[in-house]
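**Student:** Below: sequence and its predicted model.
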Amino acid sequence: MEAELPKIINIDGVEYEVETLSPTVKRLLGIYKIWEKDANDARLSLAKTEAALRDLTREIQLSVKNDQAERENSKTGE
């Protein structure tokens, strides 16, 4: 997959037109864009996993409380 390169990059306050840069720089920019996307995808995946874990934690807490209430009810119902 080839990453879409920006038209202009800014390094130390100087703007450069990417099309005028060497193939090496363009290749490095392509790698950067791919890795940047990978990092963003990883952050999104982590956020989804963290949200799922929070939801699961709430489910566990609720289930434990329900179990405790059932035990208490069964003791008083004896």
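**Tutor:** In hand now; what should we look at? Numbering: from 1, shown residues only.
**Student:** which element is the residue nearest the centre of the chain on?
**Tutor:** Computing the C-alpha centroid of the chain and ranking residues by Cα atoms, centre = their mean puts Arg43 first, at 1.7 Å. Here Arg43, judged by DSSP states H and E, is contained in helix 23-76.
**Student:** Quick check: mean pLDDT of that helix?
**Tutor:** Here helix 23-76 scores 96 as its mean pLDDT.
**Student:** just checking, what packs against it?
**Tutor:** Judged by 3 or more Cβ pairs under 8 Å, 6 or more residues apart in numbering; DSSP states H and E, helix 23-76 is in contact with no other helix or strand. Where C-beta positions appear, they are placed from N, C-alpha and C, glycine not excepted.
**Student:** for Glu4, phi and psi?
**Tutor:** phi -80, psi 120 (degrees, to the nearest 10).
**Student:** hmm, I was thinking of Asn10
**Tutor:** According to degrees, to the nearest 10, Asn10 has phi -120, psi 120.
**Student:** how many neighbours does the nearest residue to it once chain neighbours are set aside have?
**Tutor:** Spatial nearest neighbour of Asn10, chain neighbours left out: Tyr16 (7.6 Å); criterion: Cβ to Cβ, 6 or more residues apart in numbering. A count of nearby residues for Tyr16, using other Cβ atoms under 10 Å, gives 13.
**Student:** and what of Thr76?
**Tutor:** Here the count is done by other Cβ under 10 Å, and Thr76 has 7 residues near it.
**Student:** what do you get for Gly77?
**Tutor:** 6.
**Student:** one step back: starting at the chain centroid, how far to the helix holding Arg43?
**Tutor:** Chain-centre distance of helix 23-76: 9 Å, with Cα atoms, centre = their mean, to the nearest Å.
**Student:** And stretch 15-35, by the same measure?
**Tutor:** Relative to the chain's own centre, stretch 15-35 is displaced by 25 Å; criterion: Cα atoms, centre = their mean.
**Student:** got it, and stretch 62-78?
**Tutor:** How far stretch 62-78 lies from its chain's middle: 39 Å, per Cα atoms, centre = their mean.
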